[in-house]
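Asker: Predicted model, plus sequence, below.
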Amino acid sequence: MTAPYTVRLNASNQEVVLSGVIRPEHARQLADVVARIEHFVADLHGTVFFNLKRLRHLNHTAFLTLARCLARICQTRPALALKVVITSVIPWAEKRFAFLASELPTLTVETYDDEFYPGQKLIEQTSLIPCLRTQTNILWKSERELMPRHGLTRGMKIADICCGIGDFAALVHREFAPTQVVAVDHSQPFLDYARGVAEQFGLTDIEYRRGDASNLLLDDDSFDFVTCRLALQIFDKPEEILAELYRITKPTGRVYLTNEFMSHIFGYPRDASIRWTYRRSSEIFAHLGMDLDFGPKMRAFLTDCGFTDIRIDSIHVSNANTDADDFKRVVQSWSDYIINEVATAANADEETKQRLRRGFEDHMYAITHRRGFASWPVCVASGQKPRRK
Amino acid sequence: MNSPSERPNDQSADEAKPVLEIRVSTNGLCESWLHCQLIADFAARFSCSNYFDSQRYASQVSSVLNELLEVAHRLHQPAGELRLEVVQQQQQALALYVHIPVDEHQRARYRALFDALAQAGPELRSQLLPPLAAEVPERSALVELVAIYGYPLELRNHPDDTHVTLVAPLTFADQRGAA
Ligand SMILES: C[S@@+](CC[C@H](N)C(=O)[O-])C[C@H]1O[C@@H](n2cnc3c(N)ncnc32)[C@H](O)[C@@H]1O
């Protein structure tokens, strides 16, 4: 057998996990794999999952061998349900397994990307674009200054995971002259937009890729600096994404994160109304499985994931250090997005929406008021992947 | 790069743009099974580098090309030069041309494979799973490309009978265009 692949049999969730590249010359080279799978499945009941989310290539010989193995299981164990889990970012998988599902009565296929995490559909919407764009505008000035302290220097290999509309990757490219930038997001509309941004910047060498942050098709130990901004907070299992960021980082390389502390956004005057709105918003996000108060938890998650030399900062966006019109525009976009999309998805009633709207308006009032003060705290953290012992 | 006119019967030749050509000795290719995927991955990565979301397209090109090279590897006999061309067709789809040196016996084998493909029609799909199919892996690999993926594979004879050409026009279903 030539190329590297792994087979994991996970009894606790009845899962066979195949990853890597499987391109053997002869079916018999997979005899051992097939025997292990059949042996594993023999003791199981209910549903067995075949997780192929990180299987990059499977040649015809390997596909046929696997297909036959599945066909035999279907035949000998008609009460056992087989579920093959694939992702649409791997182009060969969908047609092949749709075919197999049409041939084998107890086999079904699940394309996993639709349901990475509970709030996914809400996050990948184009209505979020203006919000993301203005946020990056505002934050860039601080992040540009902060990132060198978190290990970013010129000439690095950089990955931006959950890159959104790609503006940050483009700015980093312009400012820090990396040798390579790979930017990954799962939303096709955002990536389309990203391409426009890159064109605007005259950049041709950022690799924008559609992919899943929890199953990145990037090699182990391959980047000096991995960024993931305002994104861990939208996943219900951030530790899974963080483990992937760790995996792709080179030993001694660093992972750089930003996340919000939404319930602690404040402003004056009309402070009570402002506080109420952001606390309530955070609760509504939580109801949908997102943690917009993830910011202060980063140190704990980085530590648990095995990072060392953890560095923490915070960016305090306020109307004292940021253009008031820009800041106001961000709050307006939050207001539109949270009320029209998020609160609606969470079935919030009209009265709640009204009160939310009032709080956002009050925040904007504080931003533009001659005597007002308004803030948006963003937490920054990074950690180093230790050298191998 | 050879001029597009060397590709016989190619109606869209006027609009075709060469992207890449690789020549390898068939003996070299067949020294190691791994060579198929090394060439396929390299050619795919190279020819898709200008596509937006290049990884996705490269992955698709590599899959198809690897299967074609594996077929050539399995059927290899006469020594000579295998030539691979990647060509950009109109609307930015790519076509793969694998020119394989053949003797008479080899040419007949390729012809027989493709004749069987053409004859089977819609039943092709049903030929994949039964145990017999695996006994001729090069055949079932082609069946899969045609019947499951829907690539209109074609076999072309070279005018001087020294080569055959496997042609695989690829369309990217969710093509976003070249960057
Ligand atoms: C709040 S946005 C932040 C985007 C960007 N980092 C920024 O700061 O503007 C979260 C991003 O995560 C992306 N995303 C969501 N689930 C993903 C997944 N499973 N894999 C990759 N990206 C994902 C969304 O499409 C969205 O662009």
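Answerer: Perfect, I can see it now.
Asker: What is the burial count for residue 171?
Answerer: No chain in the question, so chain A it is. Summarising burial for A:Leu171: neighbours were counted as other Cβ atoms under 10 Å in any protein chain shown, giving 17. All C-beta atoms are positioned from the backbone trio N, CA, C, and that covers glycine.
Asker: meant chain B, my bad for not saying
Answerer: 15.
Asker: any weak-confidence spans in the stretch 51-200 of chain A?
Answerer: Residues of the stretch 51-200 of chain A meeting the criterion pLDDT under 70: A:113-122.
Asker: of all the residues in it, which ones are close to the ligand?
Answerer: Along the stretch 51-200 of chain A, the residues adjacent to the ligand under the rule Cβ under 6 Å from any ligand atom are A:116, A:120, A:123-124, A:132, A:135-136, A:162-164, A:168, A:184-187, A:190.
Asker: Counting only helices, which of the residues you listed make the cut?
Answerer: Restricting those to those inside helices, with DSSP state H as the criterion, leaves A:Gln120, A:Ile123, A:Leu132, A:Gln135, A:Thr136, A:Phe168, A:Phe190.
Asker: Correct me if wrong: the last one contacts A:Gly164.
Answerer: Yes: with contacts counted by Cβ atoms under 8 Å, A:Phe190 reaches A:Gly164, the gap being 5.5 Å.
Asker: So for these two, which residues contact both of them?
Answerer: In the contact map built from Cβ atoms under 8 Å, 6 or more residues apart in numbering or on different chains, the residues linked to both A:Phe190 and A:Gly164 are A:Leu132.
Asker: the more surrounded of these two?
Answerer: Looking at A:Phe190 and A:Gly164 with other Cβ under 10 Å, you find the greater number of neighbours at A:Gly164, namely 27 against 24.
Asker: and the more buried one, what is it in contact with?
Answerer: A:Leu132, A:Thr136, A:Asp185, A:Ser187, A:Phe190, A:Ala194, A:Arg229, A:Leu230, A:Ala231.
Asker: Which of those residues has the largest number of neighbours?
Answerer: Most neighbours among the contacts of A:Gly164, by other Cβ under 10 Å: A:Asp185, with 26 neighbours.
Asker: Would you mind listing the residues in contact with it?
Answerer: For A:Asp185, the contacting residues are A:Cys162, A:Cys163, A:Gly164, A:Gly166, A:Leu191, A:Ala194, A:Tyr208, A:Arg210, A:Gly211, by Cβ under 8 Å, 6+ apart.
Asker: Quick one: name the residues of chain B near chain A.
Answerer: Applying the criterion Cβ under 8 Å from any Cβ of the partner chain, the portion of chain B that neighbours chain A consists of B:32-34, B:36-37, B:52-57, B:59-60, B:62-63, B:66-67, B:70, B:73, B:125, B:128-129, B:131, B:133-134, B:137, B:140-141, B:144, B:148-150, B:174, B:176, B:179.
Asker: If any of these are buried, give me the PyMOL selection for them.
Answerer: Applying 16 or more other Cβ atoms under 10 Å in any protein chain shown to these, the buried members can be selected in PyMOL as follows:
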select buried, chain B and resi 33+36+37+52+53+54+55+56+57+59+60+62+63+66+67+70+73+125+128+129+133+134+137+140+141+144+148+149+176+179
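Asker: Over in chain B, which residue gets nearest the ligand? Let me know.
Answerer: Checking chain B residue by residue against the ligand with Cβ to the nearest ligand atom singles out B:Asp53 as nearest, at 13.0 Å.
Asker: my guess is that residue contacts A:Arg210, does it?
Answerer: Yes: in this structure, B:Asp53 sits in contact with A:Arg210. The criterion is Cβ under 8 Å, and the distance is 5.2 Å.
Asker: joint contacts of the two?
Answerer: With Cβ under 8 Å, 6+ apart, B:Asp53 and A:Arg210 have common neighbours A:Leu191.
Asker: contacting residues for the residue in the stretch 201-350 of chain A that the ligand sits nearest to?
Answerer: When distances are taken as Cβ to the nearest ligand atom, the stretch 201-350 of chain A reaches nearest to the ligand at A:Ala213, 3.5 Å away. By Cβ under 8 Å, 6+ apart, the residues touching A:Ala213 are A:Ile161, A:Cys162, A:Val184, A:His186, A:Cys228, A:Ala231, A:Phe235, A:Ile241, A:Glu244.
Asker: wait, the first one sits on A:Val184?
Answerer: Yes: using Cβ under 8 Å as the test, A:Ile161 is close enough to A:Val184 to be in contact (5.2 Å).
Asker: For A:Asn319, give me its contacts.
Answerer: Neighbour list for A:Asn319: A:Phe327, A:Ala366, A:Ile367, A:Thr368, A:Gly372, A:Phe373, A:Ala374, A:Ser375 [criterion: Cβ under 8 Å, 6+ apart].
Asker: In chain B, what residue spans correspond to helices?
Answerer: Per DSSP H, chain B has helices spanning B:26-31, B:34-48, B:54-75, B:104-120, B:137-143. These are given in chain order.
Asker: What is the second one packed up against?
Answerer: Spelled out, that is helix B:34-48. In this structure, helix B:34-48 makes packing contacts with strand B:17-25, helix B:26-31, helix B:54-75, strand B:81-88, judged by 3 or more Cβ pairs under 8 Å, 6 or more residues apart in numbering or on different chains; DSSP states H and E.
Asker: what's that helix in contact with?
Answerer: Outside helix B:34-48, the residues that touch it by Cβ under 8 Å, 6+ apart are A:2-3, A:21, A:23, A:57, A:59, B:19-20, B:22, B:24, B:28-29, B:54-55, B:57-63, B:65-66, B:69-70, B:73, B:84, B:86, B:94.
Asker: buried sites along that helix?
Answerer: Of the residues in helix B:34-48, those buried under the neighbour-count criterion (16+ other Cβ under 10 Å) are B:His35, B:Cys36, B:Gln37, B:Ile39, B:Ala40, B:Asp41, B:Ala43, B:Ala44, B:Arg45, B:Phe46, B:Ser47, B:Cys48.
Asker: now do the shortest one
Answerer: Buried residues in helix B:26-31, counted by 16+ other Cβ under 10 Å: B:Thr26, B:Leu29, B:Cys30.
Asker: which outside residues touch stretch A:242-250?
Answerer: A:157, A:159, A:161, A:213-216, A:218-224, A:226, A:228, A:232, A:255, A:301-302, A:305-307, A:385.
Asker: Out of those residues, list just those in helices.
Answerer: By the criterion of DSSP H, membership of the contacts of stretch A:242-250 in helices covers A:Phe301, A:Leu302, A:Cys305.
Asker: Dump these to TSV, plus neighbour count, pLDDT and distance to chain B.
Answerer: Formatted as TSV, the ones in helices among the contacts of stretch A:242-250 follow (neighbours: other Cβ atoms under 10 Å in any protein chain shown; pLDDT from 0 to 100; distance: Cβ to the nearest Cβ, whole Å):
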residue	neighbour count	pLDDT	distance to chain B
A:Phe301	19	98	28
A:Leu302	24	98	28
A:Cys305	16	97	26
